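>>> Could you look at this predicted model? Sequence included:
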Amino acid sequence: MKTSVNYLMKNYLKLSGQEVVIEGWIRANRAQKEFGFINLNDGSHFESIQIVYDTALENFKDVSKFRVGAALRVKGILVLTPQAKQPFEIKAQDVYLEGDSLEDYPIQPKRHSREFLREVAHLRTRTNLFNAVFRVRSLLAYAIHKFFQEREFIYVHTPIITDNDGEGAGQMFQVTTLDLEALAKSTPTEVDYSKDFFGKRVSLTVTGQLEGETFAQSFKKIYTFGPTFRAEHSNTVKHAAEFWMIEPEIAFADLEDNMNLAEEMVKYVVQFILENASTEMKFFDEFVYPGKIKQLQDLLKSKIVRCPYKDAIEIINKADYNFEKRPQFGDDLGSEHEKFLTDVYFKGPVFITNWPKHIKAFYMRVNDDNETVAAMDLLVPGAGELIGGSQREERLDVLINRMNELNIPIDNLQWYLDLRRYGSTKHAGFGLGFERLVMYVTGVENIRDVIPYPRTYRNCDF
């Protein structure tokens, strides 16, 4: 019976004594004079299984020389081993070399630095750490879809190529079919975009929010889940040029509804991972972030604190704590401030609400004080800002005034303003950086280690 490690782990008791066929890659091969042990991993489960072989094999001498990384097909009998660390092993009857591994295979059975493993990202998933990270990433993606689908949200695919800067920050990657080398040589004073593919200047999207809002005004509850791009000249452990975002939008909803949805979603996916990736979470808890499981369990039991931005500034400035810089009202919070609020003061996640309007996007609803907007950021231990969202500005005149204040081109966004002209509702939404979520759940601190092939400033390998 051809099967998988995952299936064997779940059904080994009823398969005792039966013949099975398993395919995978060697993690370790410990050969002795008359027998040997191979740790084989097929990617279906975090753990490897032990293959026992002896001189009864016709190719025993060859098998004993198979190197780490080689691909095998093994036929053998499943034998229970209740006294051993693993409850069963496979007694090999036939071991076939599917693909050899050369002597310079870089992933040897020893501890490698994460910096080195980034250089061999095409092979690093064969290590325990990255096997666990990307298994959890896959389950988190499934849990996100499951959460929204169970609550009657419509999944929307918003454009990746766009002519609008949804954030108004200007940090966008331009998309063009123009001959850039010819343009550079001719040193034009102005590029004629009418000759470009779309007949105008377009870029990779930084958010699907604006298009998502149009669907929310028809379907009431929608979400997006796709790649986004930021051309930030930033080289930190939390920033990447290409990353994935989850962006729900809900009509007939205010800021409080928005925070309730965000909290419910985060707790749902955390609970899902604790229940469905227990082996991986034990690994993270032991080797990556001691206490991570308890931290996540505490989250599930708690109500996430809501703290107005003004109060957060006061808390930081009154604290007997060694900050490099203390923020004033109107400043954005730095990583050290976020870390203090989550790890020291609140000792858990916290929503920071009602931010100064001049540091937030044009579409956020202006509060009655005309100084702040109905915005919220969810800060979590270890990852900082996990979610950013707001109640959207539904008043046409106020929105136009904000766009003029921030020099946002209005002509290209008439379709967005139409939402306020035809059946406008109060509505809200947020953006969840998917990689930040993976970092929070696993305890892995560098975004480069939770993306299969990270694209960061000055780095686009593989």
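Nice, thanks for sending it over.

>>> any idea which helix or strand comes after the helix-or-strand element of the chain with minimal mean pLDDT?
Least confident helix or strand, the chain: helix 180-186 with a mean of 75, by mean pLDDT, DSSP states H and E. Following helix 180-186 in sequence order, the next helix or strand is strand 202-204 (DSSP states H and E).

>>> Give me the contact list for that following strand.
By CB atoms under 8 Å, 6 or more residues apart in numbering, the residues outside strand 202-204 that reach it are 160-163, 165, 172-176, 196, 228-229. For the C-beta atoms, the positions are set from N, CA and C on the backbone; glycine is no exception.

>>> from those, which single one is nearest residue 5?
Nearest to residue 5, judged by CB to CB, of the contacts of strand 202-204 is residue 228 at 35.0 Å.

>>> pretty sure the closest one is touching residue 173, no?
No: counting by CB atoms under 8 Å, residue 228 sits too far from residue 173 to count as a contact (10.5 Å).

>>> and the two? which has more neighbours close in?
residue 228 (24 against 14; other CB atoms under 10 Å).

>>> bridging residues for the more buried one?
Residues in a beta bridge with residue 228, per DSSP bridges, are residue 243.

>>> if I look at it, how far off is residue 265?
Between residue 228 and residue 265 the computed distance is 18 Å (CB to CB, to the nearest Å).

>>> Repeat that for residue 70.
Distance, residue 70 to residue 265, by CB to CB: 43 Å.

>>> what about those two, which has more around it?
Using other CB under 10 Å, the more surrounded residue of residue 70 and residue 265 is residue 265, with 22 against 19.

>>> these two touch, right, that one and residue 150?
No: taking contacts as CB under 8 Å, residue 265 lies outside contact range of residue 150: 11.0 Å.

>>> what about residue 222, helix or strand, and which?
Going by DSSP H and E, residue 222 is in strand 221-229.

>>> who's in contact with that strand?
So strand 221-229 is contacted by 141, 144-145, 148, 151-158, 160, 172-173, 204-209, 212, 215-216, 241-251, 434 (CB under 8 Å, 6+ apart).

>>> what's the closest non-adjacent residue to residue 98?
Nearest non-adjacent residue to residue 98, counting by CB to CB, 6 or more residues apart in numbering: residue 71, 4.0 Å away.

>>> what sits opposite that neighbour in the beta ladder?
Taking DSSP bridges as the rule, residue 71 bridges to residue 25, residue 99.

>>> what's the neighbour count on it?
So residue 71, with other CB under 10 Å, has 17 neighbours.

>>> let's have the chain start at 19 instead
OK, 19 is where the count begins now, so the last one is residue 89.

>>> wait, it sits on residue 117?
Yes: between residue 89 and residue 117 there is a contact under CB under 8 Å: 3.9 Å.

>>> residues of stretch 381-397 that come out buried?
For stretch 381-397, burial by neighbour count (16 or more other CB atoms under 10 Å) applies to 381-385, 390-397.

>>> Stretch 309-324 now?
So, applying 16+ other CB under 10 Å, buried residues of stretch 309-324: 310-311, 313-314, 317, 322-324.

>>> which one of those residues sits closest to residue 375?
Out of the buried residues of stretch 309-324, the member with the shortest distance to residue 375 (by CB to CB) is residue 324, at 18.9 Å.

>>> Could you point out the helix or strand that follows whichever helix or strand the closest one is part of?
Using DSSP H and E, residue 324 maps to strand 323-326. Next helix or strand after strand 323-326 toward the C-terminus (DSSP H and E): helix 327-336.

>>> next SSE after that following helix?
helix 353-357.

>>> In terms of secondary structure, what does that following helix contact?
Under the contact definition 3 or more CB pairs under 8 Å, 6 or more residues apart in numbering; DSSP states H and E, helix 353-357 sits against strand 402-410.

>>> and the next helix or strand after the strand it packs on, how far out from the chain's middle?
Going down the chain from strand 402-410, the next helix or strand is helix 414-423, by DSSP H and E. On the basis of CA atoms, centre = their mean, to the nearest Å, helix 414-423 is displaced by 34 Å from the centre of the chain it belongs to.

>>> So for residue 352, what's the nearest residue that isn't a sequence neighbour?
For residue 352, ignoring the flanking residues on the chain, the nearest one in space by CB to CB, 6+ apart is residue 343 at 6.8 Å.

>>> ok, so what distance separates that neighbour from residue 397?
17 Å.

>>> for residue 272, same thing?
The gap separating residue 272 from residue 397 is 21 Å, by CB to CB.

>>> Give me the residues contacting the host helix or strand of residue 48.
Assessed by DSSP H and E, residue 48 sits inside strand 37-49. By CB under 8 Å, 6+ apart, the residues outside strand 37-49 that reach it are 19-23, 26, 54-61, 66-67, 69, 81-96, 108, 111, 116, 119, 127, 144.

>>> coming back round to it: CA atoms only for the strand holding residue 240, dumped as PDB, please.
What follows is strand 239-247, C-alpha atoms only, in PDB (Å, rounded to 0.1, in the frame of the first residue of the first chain):
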ATOM      1  CA  LYS A 239     -19.300  41.400   3.900                       C
ATOM      2  CA  ILE A 240     -16.200  40.600   1.700                       C
ATOM      3  CA  TYR A 241     -12.600  39.800   2.100                       C
ATOM      4  CA  THR A 242      -9.500  39.700  -0.100                       C
ATOM      5  CA  PHE A 243      -6.400  37.500   0.300                       C
ATOM      6  CA  GLY A 244      -3.600  38.200  -2.100                       C
ATOM      7  CA  PRO A 245      -0.100  39.600  -2.800                       C
ATOM      8  CA  THR A 246       0.700  43.300  -2.200                       C
ATOM      9  CA  PHE A 247       3.800  45.300  -2.900                       C
END
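
>>> Appreciated, that's everything.
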